[in-house]
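Chemist: Test case, fold it:
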Amino acid sequence: MLVKRIWIDTVDGSPHDPVSGDVDVVVELESGEVWTAHFVTLPYLTQQLEMSIAVTESQRHGHVALETPHVIVDTLEQGVIEDVVYEMLGAGTFETVFDLVIDIPGPDPQEAQPVEESPDATAL
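Modeler: As a prediction, the model looks like this:
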């Protein structure tokens, strides 16, 4: 898989905090496929867990649920995110965390052109 472009997008549209924030990362491959994943820093994840625990403490059975897979990084700097994307591609872990948004399908076997028989073909 060869990367064509990597976009870093803040979740709420405001400037992101590279030390304690979160971003959505969109990767376009040369094939045309587009993949996305959620990148967070450990301080951001800790804050989210603390808020979730505080909400569930009043419930009979407290729980914490993360809605999407997260890629945890030290900082949300563009160079770090790009390095992580390439490392994941090289390690074969990219598809386990990134979600496929746009799939470029191969040729449909049902739309394949029939092979014409030559007039010399004999029936068996």
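
Chemist: And the next helix or strand past the lowest-mean-pLDDT helix or strand in the chain?
Modeler: Lowest mean confidence among the helices and strands of the chain (mean pLDDT, DSSP states H and E): helix 42-56, at a mean of 85. Per DSSP states H and E, the first helix or strand lying C-terminal to helix 42-56 is strand 70-73.

Chemist: If you count contacts, what does that following strand end up packed against?
Modeler: Contacts defined by 3 or more CB pairs under 8 Å, 6 or more residues apart in numbering; DSSP states H and E place strand 70-73 against strand 34-41, helix 42-56, helix 78-91. Glycine gets a C-beta too; all of them are placed from N, C-alpha and C.

Chemist: most packed of the ones you listed?
Modeler: Comparing the helices and strands packed on strand 70-73 by mean neighbour count (mean count of other CB atoms under 10 Å), strand 34-41 comes out on top with a mean of 20.

Chemist: Nothing else from me, thank you.
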